[in-house]
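>>> coordinates for the following, if possible.
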Amino acid sequence: MNYEELQEWIYLQSVSTEEGRVKKLISVYDDAYKSIEAKLESYREKQARGEITSQFEEFRLNQLQTEIDSEVKALYSSVESEISTGFSVNYERTYYYQSYAVERYVNLEMPGVGGVGYNLNTPVLNTSAVNAAFSEKIAGLTISDRMGQARQALQWKMREMTSRVIAQGQTVQSLAKEFQALYDQIEYSKSRGIIAARTEMLRAYSIGNDQARIAAEEAGVEFDFLWSAGADKKTRPDHRSMDRKKAKIVDGQPVFTLPDGSKASSPRVPAHDSEGRQVGNLAAAESIQCRCRRLDLPFGIAPTERVAKLENGEYERTRGDMTAEEWYQQNYASK
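This is a model prediction of the structure:
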C-alpha cells in the first residue's frame, strides 16, 4: 500500500474499533435493562400475592430503589470502562500505525529526502499520556463528568418511576406500560452512551495520529496539515466548509479555526501549545460524533483520492481534489 492507502486503512481500522465497542455497549445496556426489569417484576408479583404488607411497603420500596441505584451505577461503570479501554486501544494502534506509515513513505517513496533517510525510532507510548488524553475536557467536561451526569439522571428517573408505580399500588397488569417507560429511559441512556463511545473512539484516533506526528517532526519530517471532512451525508455543513483547509502553525502546533470560533489541533481535539497544554475550548457541538480527520502530509504531498461513505454503509474511493461539499452536492443536494 502507498501512503494514502495506508492512511485510509488506519482510519477505517479506527472506525472498525468504534463499531465493535458500540456492539459491546449495546449488550451491556440490554443486560442492565433485563436485570432492573426482573427486580421490578419480582417485587410486584410478591405484592400481588400479599407477601409484602403495607407496613413493609415503604422499607421494601427504599430497598428496591437502592438495588436499582446499584444496577445503574454498575451499568455506567461498565460503560466507562468499555469506552476507556477502546480509547486506549485505538490511541495506541493509531500511534504505531501512523508512525510506520510516515517512516515507510519517507524512506520508500521519497528515499534520500534532504540527503538522508529517516529512522523515526518511535518511542513506546506513554501510558500516562493516554490517560491524560482520555481525561481531557471537551466543552468543560471530561468523559467521566458526562458519564456521571448521565448516571445520576437515569438513577433519578428510576427512583421516580418505582415510587410512582409501587407507592400508588398499581396492579401487575399495569406493569407493561411502566416497563415500556423503563425501556425508553434505558434506550435514551444507551443512545447517549453510544454517542460518547463513538466520539471518544475517533478522538483517540486523532490524538494517536498527533502523537505520531510529533515523533516524526522530532526526527526531521516536515508536514502540511489539512482538515478532511467526512464525505458523508451526515457531516455537519460547517465541517464540510472546513474541508481541505490548511492548518495554521501557532507556537509550533497546527491549529484550525472552526466557523464558531473554536480552535482545534485536529477534529475532536482542542488546540494545544508546544508544551501540550490545552489552549482554548472546543465546543461539544463541534466534536460529538464528528467523523472528520486531519491529513498529515509529509513534505506537503497532495492527496489524490479520498474515501466517501455511502448511505448503505459501504465506502467508495473518489477524487482527492473533490471537496466534501462538492461530493455532498453531487450525491444528495440535487436529489
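>>> let's verify the residue nearest to the spatial centre of the chain: helix, strand, or coil?
Nearest to the mean C-alpha position of the chain, by CA atoms, centre = their mean, lies residue 199 at 1.8 Å. Secondary structure, DSSP: H, G, I helix; E, B strand; the rest coil: residue 199 is helix.
>>> now the nearest residue to it once chain neighbours are set aside: how far from residue 282?
In space, residue 199 comes closest to residue 288 once its chain neighbours are excluded; the distance is 5.3 Å by CB to CB, 6 or more residues apart in numbering. (Each C-beta comes from the backbone N, C-alpha and C, glycine too.) From residue 288 across to residue 282, the span is 10 Å (CB to CB, to the nearest Å).
>>> from memory the residue nearest to the centre of the chain sits against residue 287, does it?
Yes. The pair residue 199 and residue 287 passes the contact test of CB atoms under 8 Å, sitting 6.4 Å apart.
>>> what touches both of these two?
Jointly contacting residue 199 and residue 287 under the rule CB atoms under 8 Å, 6 or more residues apart in numbering are residue 268.
>>> now do the helices in the chain.
Secondary structure of the chain by DSSP state H: the helices cover 3-48, 54-104, 127-134, 143-167, 175-218, 237-240, 324-328.
>>> what about these, which gets the closest to residue 307?
Evaluated over the helices of the chain, closeness to residue 307 peaks at helix 3-48, with 5.2 Å, by CB to CB.
>>> in stretch 91-111, what counts as buried?
Across stretch 91-111, burial judged by 16 or more other CB atoms under 10 Å covers 91-99, 101-103, 105-106.
>>> and for stretch 307-326?
307, 308, 309, 318, 322, 323, 324, 325, 326.
>>> got CSV for those residues, with pLDDT and distance to residue 71 too?
Formatted as CSV, the buried residues of stretch 307-326 follow (pLDDT from 0 to 100; distance: CB to CB, whole Å):
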residue, pLDDT, distance to residue 71
307, 76, 41
308, 75, 42
309, 77, 37
318, 78, 47
322, 81, 50
323, 82, 48
324, 82, 43
325, 85, 46
326, 83, 50
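>>> closest one of these to residue 187?
Of all these, residue 309 has the smallest distance to residue 187: 25.1 Å, by CB to CB.
>>> neighbour count winner among residue 288 and residue 282?
Set side by side, residue 288 and residue 282 show more neighbours around residue 282, with 24 against 15, by other CB atoms under 10 Å.
>>> that one contacts residue 267, doesn't it?
No. Residue 282 is not in contact with residue 267 according to CB under 8 Å; the separation is 9.5 Å.
>>> could you measure from residue 30 over to residue 86?
Residue 30 is 18 Å from residue 86, by CB to CB.
>>> mind checking which of the two has more residues around it?
More crowded of residue 30 and residue 86, by other CB under 10 Å: residue 86, with 23 against 14.
>>> tell me which residues touch the more buried one, please.
17, 18, 20, 21, 197, 200, 201, 204.
>>> how many neighbours does the last one have?
By other CB under 10 Å, 30 other residues sit near residue 204.
>>> residue contacts, it?
So residue 204 contacts 14, 86, 87, 88, 89, 90, 91, 94, 133, 134 (CB under 8 Å, 6+ apart).
>>> with the first one instead?
Under the criterion of CB under 8 Å, 6+ apart, the contact list for residue 17 reads 86, 89, 90, 93, 201.
>>> any idea of the pLDDT on it?
At residue 17 the predicted local confidence, pLDDT, stands at 90.
>>> kindly report the same for the third one.
Each residue has a pLDDT score; the one for residue 20 is 92.
>>> distance of it from residue 309?
17 Å.
>>> please apply the same query to the fourth one.
Separation of residue 21 from residue 309 (CB to CB) stands at 19 Å.
>>> next: the fifth one.
Counting by CB to CB, the gap between residue 197 and residue 309 amounts to 18 Å.
>>> can you check the second one too?
With the distance defined as CB to CB, residue 18 ends up 13 Å from residue 309.
>>> for residue 208, same thing?
According to CB to CB, residue 208 and residue 309 sit 21 Å apart.
>>> hmm, back to that, among the contacts of residue 86, which one lies nearest to residue 179?
Among these, and counting by CB to CB, the member closest to residue 179 is residue 197, at 25.8 Å.
>>> strands along the stretch 201-335 of the chain, start to end?
223-228, 248-250, 253-257, 263-266, 269-270, 293-298, 305-309, 315-319 (DSSP state E, counting those that start in this stretch).
>>> report all helices and strands that the third one contacts.
Where contact means 3 or more CB pairs under 8 Å, 6 or more residues apart in numbering; DSSP states H and E, strand 253-257 is packed against strand 223-228, strand 248-250, strand 263-266.
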